[in-house]
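In: Build me a model from this:
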Amino acid sequence: MSTKRDLLSVTDLTADETRRILDRAREMKTPDFETRGPKPLQGKNIALLFEKPSLRTKASFQVGIQQLGGFSFYMGPEEVGLGVREPVSDVARVLSGYVDGIVARVNSHTSLEELAVYSTVPVVNALSDWEHPCQTMADLLTIQESKGKLEGLGLTFVGDGNNVSRSLCLALPPVGMGFTIAAPPGYCLDDGSLDLARNRASGASLVQTIIDPVLGVQGADVVYTDAWTSMGQEAESEVRRRAFQGYTVDAALMEKAGPEAIFMHDMPVHYGEEAPTGMLEHPQSVAYAQAHNRLHAQKAVLELLLGSG
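Out: Numbers count the residues shown, from 1 in each chain. Predicted coordinates for the structure are as follows:
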């Protein structure tokens, strides 16, 4: 009997599995895949359990599941109330009797871990406060398409040590990429995540921190930024705006990286903060392709975890 697999963190995937996901995602992007390709989720039902609002995550998972032959249904916070209306353990046990998989977008990573413990079907992290692995798979796919490879490249993340930067930090070194985070004091990634990333590094992949964003982007192949204030941190927004002054990724900062560097943002953008209005249309930006790749990367993830053969 097969053992169910969860994707709570990018560390749940080996480097080889990450490469397989990217290869498969590229196959799934071919124009005729939907008509000629297999339907690995045929007859399978997937619950989308969301505590946080979403555009890209909800739409890409629902469309992707349908394209793979499956059926999905959405449940928002008012319907479930994880840990409030019902204990997480009860939600997991009940849903396991109805569905073949759970895609969860949660406030607390602890809730996600508890879901996985009590669920008998695979649980996929569609965002938690600790990691965003499906976003990172789409990011890697976009980088590979834009640069033609992953090995030997370096990415600089300019901004907060949040869930997105953590997943990038942990996922890039095993596939041969370097990772740098440029953040003001007190807002860098935690030492545990940095140490784990260094232990996962392949070859000479560097994992480093820096305060100065100008120095951080010099020589970078990829410059990535995200909101300074994540969902759930709204009370800190003014303090964070002051702390991150000088960390806006604009055309001037991209010039420091060089003309071959690409600009990435996982969206939504807080225009006037981490990026100016119009930055997603910058000639070096791949942000919209990055958003569209959520669909294809997540289909490959779902096939790996839930595929029928």
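In: Could I get the contacting residues of Val88?
Out: Val88 sits next to 82, 111, 114-115, 118 when contact means C-beta atoms under 8 Å, 6 or more residues apart in numbering. Every C-beta, even on glycine, is put in place using the N, C-alpha and C of the backbone.
In: nearest residue to it other than its sequence neighbours?
Out: Closest residue to Val88 apart from its sequence neighbours, by C-beta to C-beta, 6 or more residues apart in numbering: Glu114 at 4.3 Å.
In: Same question for Gln66.
Out: Ser72 (7.2 Å).
In: tell me which helix or strand of the chain sits lowest on mean pLDDT?
Out: Lowest by mean pLDDT, DSSP states H and E among the helices and strands of the chain is helix 33-36, with a mean of 79.
In: roughly how far is it from the heart of the chain?
Out: 26 Å (C-alpha atoms, centre = their mean, to the nearest Å).
In: Which SSE is immediately downstream of that helix?
Out: strand 45-50 (DSSP states H and E).
In: State the helix or strand in which the residue nearest to Gln66 lies.
Out: Assigning secondary structure by DSSP H and E places Ser72 in strand 71-75.
In: Could you list every helix and strand that that strand packs against?
Out: Under the contact definition 3 or more C-beta pairs under 8 Å, 6 or more residues apart in numbering; DSSP states H and E, strand 71-75 sits against strand 45-50, helix 56-67.
In: Highest mean neighbour count out of the ones you listed?
Out: Highest mean neighbour count among these (mean count of other C-beta atoms under 10 Å): strand 45-50, with a mean of 23.
In: I'd like the mean pLDDT over that one, please.
Out: The pLDDT scores in strand 45-50 average 98.
In: Direction included, what does that strand pair up with?
Out: Taking DSSP bridges as the criterion, strand 45-50 sits next to strand 71-75 (parallel), strand 101-105 (parallel) in its sheet.
In: Determine which stretch of the ones you listed is the most buried.
Out: Scoring these by mean neighbour count under mean count of other C-beta under 10 Å gives strand 101-105 as the most buried, with a mean of 26.
In: by how many degrees do it and helix 56-67 diverge?
Out: Orientation of strand 101-105 against helix 56-67 (axes from the mean of the first three to the mean of the last three C-alpha atoms, to 10 degrees) gives an angle of 160 degrees.
In: Just give me the longest helix of this structure.
Out: helix 287-306 (DSSP state H).
In: gap between that one and the chain center?
Out: 10 Å.
In: Now do the buried residues in it.
Out: Under the neighbour-count criterion of 16 or more other C-beta atoms under 10 Å, helix 287-306 has 287, 290-291, 293-306 buried.
In: so what's the most centrally placed residue in the chain closest to, chain neighbours aside?
Out: In the chain, the centroid-proximal residue (C-alpha atoms, centre = their mean) is Gln135; its distance is 2.1 Å. Once flanking residues are discounted, Gln135 sits nearest to Asp266: 5.3 Å by C-beta to C-beta, 6+ apart.
In: now the protein, which segments are flagged as low pLDDT?
Out: 1-2, 231, 308-309 (pLDDT under 70).
In: now do 80
Out: Residues of the chain meeting the criterion pLDDT under 80: 1-2, 34-35, 37, 83, 203-204, 230-235, 308-309.
In: Would you mind giving the domain segments of it?
Out: According to automatic domain parsing, the chain comprises the domains 10-131+294-306, 135-290.
In: With distance to Lys4 as extra columns, can I get those domains in TSV?
Out: Supplementary listing: those in TSV, determined by distance: least, C-beta to C-beta, whole Å:
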stretch	distance to Lys4
domain 10-131+294-306	5
domain 135-290	19
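In: Around Ala126, how many other residues sit close by?
Out: Using other C-beta atoms under 10 Å, Ala126 is surrounded by 26 other residues.
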